[in-house]
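Participant: Quick one, fold the following:
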Amino acid sequence: MTTDELIIRALEEDLGDGDHTTLATLTGKKTGRAKLLVKEEGIICGTDIAEKVFHRIDPSLQISSFISDGTRVRKGDIVFTVTGNKASILSSERLVLNFMQRLSGIATVTARIVKKLEGLHTRVLDTRKTTPLLRALEKYAVVTGGGGNHRMGLYDMILIKDNHVDFAGGIGPAIDAVHQYLDRTGKKLKVEIEVRNLDELKRVLEHGKVDRIMLDNFTPGLLKEAVAFIDRKYETEASGGITEMNIREYAETGVDFISIGALTTQVRNLDLSLKAM
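Facilitator: Residues are numbered from 1 along each chain as shown. Alright, predicted model coming up:
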């Protein structure tokens with residue numbers, strides 16, 4: 001689904017057959033102006049989609065932007081102003097705020113976590129734990145906050161997880177089946193495999209034919225041992241049990257990537273408001 005299609009469906013959900021409160025109460029001068037006001041410190045994200053929402057409602061609305069995505073903002077900052085038909089501004093307000101507050105919240109948390117890894121080579125990645133239909137936007141917000149994207153979906157990377165291994169009959173059969181599939185279909189996809197302990201890791205290293213190894217639910221001590229054992233023969237990724245409080249300890253093991261579902265699942269919206277001027 002494209003961003004434009006998403007906006008159309010979101011507006012249909014919110015507007016139905018019309019913004020009856022605005023239609024009933026709006027009188028007098030039809031042209032007005034409003035500002036997007038920041039009410040707490042964070043990283044702003046979603047200005048482009050806000051403009052798309054305004055213009056989907058009314059192409060004649062004029063947006064003047066002062067702050068771009070990825071910028072740290074503080075209480076009292078004005079991100080943009082919008083000028084034009086008062087009814088159009090009011091009917092756009094909630095969807096603009098819903099998008100921008102959510103995306104800015106994700107970017108803010110991501111930036112805070114990334115900052116904890118200053119001086120280390122480890123990169124913070126998101127996961128597929130996203131809001132249905134909002135994945136592309138939420139992953140954009142992660143990048144805006146300084147993080148990186150893992151796979152976008154099930155289609156752009158092979159990730160052999162524990163259930164795949166168990167259902168396939170083991171690590172070797174699972175990896176071999178993946179390569180048979182790739183040869184058969186002609187697809188060029190990177191292969192990552194999840195391991196749950198050092199024994200599974202040893203079997204992966206003996207078998208080979210992967211690009212990255214995900215070390216799931218390892219303690220920092222075991223992770224350090226595993227990373228040293230892999231010795232940069234493959235990319236390494238840590239996941240599971242990693243929080244904002246302990247992420248630096250995990251990163252100091254030398255792991256290449258740390259994936260955190262909380263970037264998109266445990267985020268509080270950034271407080272923003274659209275105020276008439």
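Participant: Nearest residue to residue 109 in space, please, no chain neighbours.
Facilitator: residue 267 (5.3 Å; C-beta to C-beta, 6 or more residues apart in numbering). Any C-beta I mention is one placed from the backbone N, CA and C, and that applies to glycine too.
Participant: Relative to residue 246, how far out is the most centrally placed residue in the chain?
Facilitator: With the centre of the chain defined as its mean C-alpha position, the nearest residue by C-alpha atoms, centre = their mean is residue 139, 2.7 Å away. Residue 139 is 24 Å from residue 246, where distance means C-beta to C-beta, to the nearest Å.
Participant: What of residue 136?
Facilitator: Going from residue 136 to residue 246 by C-beta to C-beta gives 30 Å.
Participant: Looking at those two, which has the bigger crowd around it?
Facilitator: residue 136 (16 against 12; other C-beta atoms under 10 Å).
Participant: and residue 184, what element?
Facilitator: helix 171-185 (DSSP states H and E).
Participant: Could you give the backbone dihedrals for residue 124?
Facilitator: Dihedral pair for residue 124: phi -90, psi 130, per degrees, to the nearest 10.
Participant: on that earlier part again, who are the contact partners of the residue nearest to residue 109?
Facilitator: Applying C-beta atoms under 8 Å, 6 or more residues apart in numbering, we find residue 267 in contact with 102, 105, 106, 109.
Participant: Can you tell me which of those residues has the most neighbours?
Facilitator: Greatest neighbour count in the contacts of residue 267, by other C-beta under 10 Å, goes to residue 106: 30 neighbours.
Participant: Look at the residue lying closest to that one once chain neighbours are set aside and tell me its secondary structure.
Facilitator: Distances taken as C-beta to C-beta, 6+ apart place residue 141 nearest to residue 106, at 3.8 Å, with adjacent residues excluded. State at residue 141, reduced to three classes by DSSP: H, G, I helix; E, B strand; the rest coil: helix.
Participant: That'll do, ta.
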